[in-house]
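Participant: coords below, sequence missing:
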């Protein structure tokens, strides 16, 4: 059932066996998460000189994205996607986040997404497209489709999505956090508690002009009972030597909805885009969702439109929650 205990003569403190003046120790714990990526433990160290020392701790894998397990299907997942065929879309186009309790993901033997279907947005089908950049961190899976026809049947899209030369669809998917998970952060840490989410992995960004890119940066979330918000500080370093900077604040997560979206193309944009190098200007969109029972991850899809070259660069990335800074009336940061 995932629980374990460590104790006895072979479990030693500072190399010494329990007894005869040496400290004795006991650890009880359990594995957590769909892929056992975390461990919760309680510990007790007993020493005749210093008395008892006890506490609790949470441990997790080092965040290195390895080859995913070989899943067959998963239910109740959220999905964020961005494609470079139809340009940039905001809330309802092909950069968006979807969730449905009936959503089912099916995977190939290498862990790449084959299909994702639900009653809300329809079916996303790899069809004859190829896949690469498959990865996993914690609850989140990601990858890229390219090179042929994918199929999208949904509320705002439908039919084949022909992925031509240098065109891609990037996805990231995982179990979406409940609204209670966001409420609980406020309950434990107070209104205005802040958490920084750092980059943990994702696809290599790809551009319609053949360039590739590496995403950097972090997301900061301020949790509040009435209206939570997010700040973005992201960089995209391109193989051509130029770069894009995506920054934003006040990105709304109103009413504790565990999804968000922002666009520099909106009437009142909460996201900005700056470019360096040969580019003169750019526009950008992001969309994503919180994942995990404690909202410990964020899945994000993004695209950047270069106004100088007309190219579209997109990708998907996972972010992991760091230390939570308490807000008003909150407890200690963890």
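Facilitator: Perfect, I can see it now. Only a predicted model underlies this, so the values are computations on that prediction, with no experimental measurement involved.
Participant: show me what contacts the residue nearest to residue 297 when sequence neighbours are not counted?
Facilitator: With sequence-adjacent residues excluded and distances taken as C-beta to C-beta, 6 or more residues apart in numbering, residue 297 is closest to residue 291, at 4.3 Å. Yep, even glycine has a C-beta here, placed from its N, CA and C like the rest. For residue 291, the residues meeting the contact criterion (C-beta atoms under 8 Å, 6 or more residues apart in numbering) are 78, 138, 139, 140, 174, 175, 176, 177, 297, 298, 299.
Participant: show me what counts as buried in stretch 227-234.
Facilitator: 228, 229, 230, 231, 232, 234 (16 or more other C-beta atoms under 10 Å).
Participant: who's the residue nearest to residue 297 bridged to?
Facilitator: Listed by DSSP bridges, the beta-bridge partners for residue 291 are residue 176, residue 297.
Participant: that one and residue 25, how far apart?
Facilitator: Residue 291 sits 34 Å away from residue 25, going by C-beta to C-beta, to the nearest Å.
Participant: residue 151 too?
Facilitator: Noted for residue 151: a distance of 57 Å to residue 25, by C-beta to C-beta.
Participant: now stretch 216-235: average pLDDT?
Facilitator: Taken as a whole, stretch 216-235 carries a mean pLDDT of 93.
Participant: could you do stretch 40-57 as well?
Facilitator: Mean pLDDT, stretch 40-57: 68.
Participant: could you measure from residue 80 over to residue 168?
Facilitator: Distance from residue 80 to residue 168, by C-beta to C-beta: 14 Å.
Participant: these two: who's more crowded?
Facilitator: In this comparison of residue 80 against residue 168, neighbours counted by other C-beta atoms under 10 Å, the higher total goes to residue 80 at 30 against 27.
Participant: name whatever forms a beta bridge with that one.
Facilitator: Here residue 80 sits in beta bridges with residue 97, residue 172, as judged by DSSP bridges.
Participant: so it sits against residue 300, correct?
Facilitator: Yes - counting by C-beta atoms under 8 Å, residue 80 touches residue 300, with 6.4 Å between them.
Participant: got any residues that touch both of the two?
Facilitator: Taking C-beta under 8 Å, 6+ apart as the contact criterion, the residues that touch both residue 80 and residue 300 are 172, 287, 288, 316.
Participant: which ones among those residues map onto strands?
Facilitator: Under the assignment DSSP state E, these contribute 172, 287, 288, 316 to strands.
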